[in-house]
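Enquirer: What follows is a predicted structure for the sequence shown.
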Amino acid sequence: MTSTEPVTEINLTPQELQILSELDSRQFGFLKLNTSEQVKKKDLVLKAVKYLEQMLIQEKNEKDMNDNDPDLCSGQIKQEKETTIDPKTYCKLGHFHLLLENYAQAMSAYKKFFQLKEDYWKDAHFLYGQGLVYFHFNAFQWAIKTFQQLLYVDPSYLRANEVHLRLGLMFKVNNEYDSALKHLTLCLIDASPCTFTKLEVRFHIAHLHEVQRKYKTAKDSYEQLLKEENLPVHLKADICRQLGWMYHCIDTLGDKSTRETLAISCLQKSIEADPKSGQSLYLLGRCFAAVGKVHDAFLAYRNSVEKSEGNADTWCSIGVLYQQQNQPMDALQAYICAVQLDKSHSAAWTNLGILYESVNQPRDACACYINATRKSDTNNNNNNTNNNNNNKWQQSSCNNTASSLLVQQAHKVLQQQQQHHQSLHHHHHHSPFSSLLGSSPGSYLGLSSSDHQLKVSNHLF
């Protein structure tokens with residue numbers, strides 16, 4: 001709504017005003033206005049937003065008129081005319097936008113309140129709402145500062161457990177593990193209602209042990225969670241995926257043969273719990289490839305592509321398999337798929353360089369190696385500037401509730417542990433792909449083997 005549009009008068013009944021007076025940032029994640037059960041309340045909140053915006057527009061129109069009125073020559077009179085809107089109006093508007101999951105509008109309203117209210121820090125609900133918006137936009141530095149200020153102002157705040165939960169997750173992403181454990185533990189022992197279950201909080205603590213390389217503690221924690229009777233299916237899938245990948249990667253968890261068997265078993269259980277998980281299928285393919293089950297590995301990769309086409313890691317691993325089977329043309333196009341999906345994928349660029357070098361194209365190989373180094377440096381810089389490379393797992397977060405937002409935040413850390421590739425070593429074997437895919441092994445995946453010289457578009461460099 002703009003000041004040039006005709007103003008339609010909006011009236012709120014005393015009953016509606018009473019309901020609206022009870023709404024603020026504390027209901028975020030609990031009151032889900034975008035569900036069918038809350039249609040009436042959502043309509044009321046939308047009505048309130050229009051009501052408040054109408055007030056602000058009318059105030060702006062009056063201010064513009066006053067500025068153009070030559071009779072109001074006194075600066076003091078003008079100042080009195082310009083300060084008729086209570087700053088809390090903006091704060092309330094921010095709360096409503098937050099509950100509607102209109103995060104940009106919420107941030108704008110909170111910012112206005114921050115500018116107009118000198119003692120803004122005394123309003124705990126404002127600090128909580130602003131912290132939630134910062135958290136949503138991954139502005140972790142500002143979210144941490146705001147949440148810490150809130151806990152200082154009001155240590156017994158009603159949503160302190162939600163604050164501790166988010167602080168724990170952000171500190172985990174920032175590699176501040178002691179602080180992360182402190183806040184996640186405080187959330188776990190808090191009996192107040194929370195958007196996360198105790199089992200989910202325990203999972204994040206277990207994963208914290210994993211990223212700290214306390215693998216035995218992490219494994220024991222994951223296994224204890226798997227024994228819980230009421231374990232949600234989505235959580236079982238995540239736990240089994242983490243356990244499986246730990247068995248695959250961590251030498252201290254047993255001999256290699258036993259670990260690979262356990263890894264495959266855990267990942268298969270993860271897929272049973274969540275058949276749509278392209279990530280678990282990709283990791284299963286990695287495990288099959290490690291034990292020489294190339295046919296099974298390729299099937300897992302193919303299924304992963306069907307579930308999540310935009311995964312550069314999967315295409316890179318497909319390229320590795322093709323290259324190991326002495327099928328350079330198919331490997332080339334798989335690597336191209338990987339770097340087109342993620343131009344900062346250093347493993348794909350490195351393996352592409354090895355591929356060019358193996359067919360005596362040193363200039364192209366050199367370009368790939370340089371690109372791998374350059375892109376890797378850029379990626380490291382991005383990781384140090386507030387996690388700018390998290391779009392893989394948060395493309396739909398604008399429509400999610402607090403709980404799903406936290407799941408996505410957690411998955412960011414999970415994927416950071418899972419997306420590491422080893423440099424390629426050459427092993428030439430008879431190709432098993434002909435029996436699987438027919439005469440053209442790349443045809444199923446949209447690959448072609450028609451060229452005699454390896455080529456790649458210049459724009460990729």
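Expert: Yep, it's here.
Enquirer: hey, which helix is longest across this protein?
Expert: When every helix of the chain is counted residue by residue (DSSP state H), the longest turns out to be helix 39-67.
Enquirer: what's the offset of it from the middle of its chain?
Expert: Chain-centre distance of helix 39-67: 34 Å, with Cα atoms, centre = their mean, to the nearest Å.
Enquirer: So which elements touch that helix?
Expert: Judged by 3 or more Cβ pairs under 8 Å, 6 or more residues apart in numbering; DSSP states H and E, helix 39-67 is in contact with helix 14-21, helix 75-82, helix 88-99. C-betas here are computed from N, CA, C, even on glycine.
Enquirer: most neighbours per residue, which of these?
Expert: Burial of the helices and strands packed on helix 39-67 is given as mean neighbour count (mean count of other Cβ atoms under 10 Å); helix 88-99 ranks first at a mean of 23.
Enquirer: tell me what that helix is packed against?
Expert: On a contact count with 3+ Cβ pairs under 8 Å, 6+ apart, helix 88-99 meets helix 39-67, helix 103-116, helix 124-136.
Enquirer: Run through who's touching it.
Expert: 23-25, 27-28, 31, 33, 45, 48-49, 52-53, 55-56, 103, 105-110, 112-113, 116-117, 123, 125-126, 129-130, 132-133 (Cβ atoms under 8 Å, 6 or more residues apart in numbering).
Enquirer: The longest helix of the chain vs helix 14-21, what angle?
Expert: 90 degrees (axes from the mean of the first three to the mean of the last three Cα atoms, to 10 degrees).
Enquirer: Buried residues, stretch 298-309. List them.
Expert: Residues 298-305, 307-308 are the ones in stretch 298-309 that count as buried (16 or more other Cβ atoms under 10 Å).
Enquirer: same thing with stretch 161-174?
Expert: Within stretch 161-174, the residues that count as buried by 16+ other Cβ under 10 Å are 161-173.
Enquirer: try stretch 104-116
Expert: Buried positions in stretch 104-116, judged by neighbour count with 16+ other Cβ under 10 Å: 105-107, 109-110, 112-114, 116.
Enquirer: average pLDDT across it?
Expert: Mean pLDDT, stretch 104-116: 96.
Enquirer: so how far is that stretch from its chain's centroid?
Expert: That offset, for stretch 104-116, works out to 24 Å (Cα atoms, centre = their mean).
Enquirer: Pull the residues that contact that stretch.
Expert: 87-88, 90-91, 93-95, 97-98, 120, 123, 126, 129-130, 133, 137.
Enquirer: And these, which is closest to Asn371?
Expert: Closest approach between those and Asn371, by Cβ to Cβ: Phe137, at 30.4 Å.
Enquirer: My guess is the closest one contacts Tyr103. True?
Expert: Yes. Contact criterion Cβ atoms under 8 Å: Phe137 and Tyr103 qualify, at 6.8 Å.
Enquirer: low-scoring stretches of the stretch 351-461 of the chain, by residue?
Expert: In the predicted model of the stretch 351-461 of the chain, residues 375-461 satisfy pLDDT under 70.
Enquirer: What is the strand or helix carrying Ile318 packed up against?
Expert: Taking DSSP states H and E as the definition, one finds Ile318 inside helix 312-324. Contact analysis of helix 312-324 by 3+ Cβ pairs under 8 Å, 6+ apart lists helix 278-290, helix 294-307, helix 328-341, helix 346-358 as its packing neighbours.
Enquirer: TSV for those, including distance to Lys214?
Expert: Converted to TSV, the helices and strands packed on helix 312-324 look like this (distance: least, Cβ to Cβ, whole Å):
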stretch	distance to Lys214
helix 278-290	21
helix 294-307	29
helix 328-341	32
helix 346-358	27
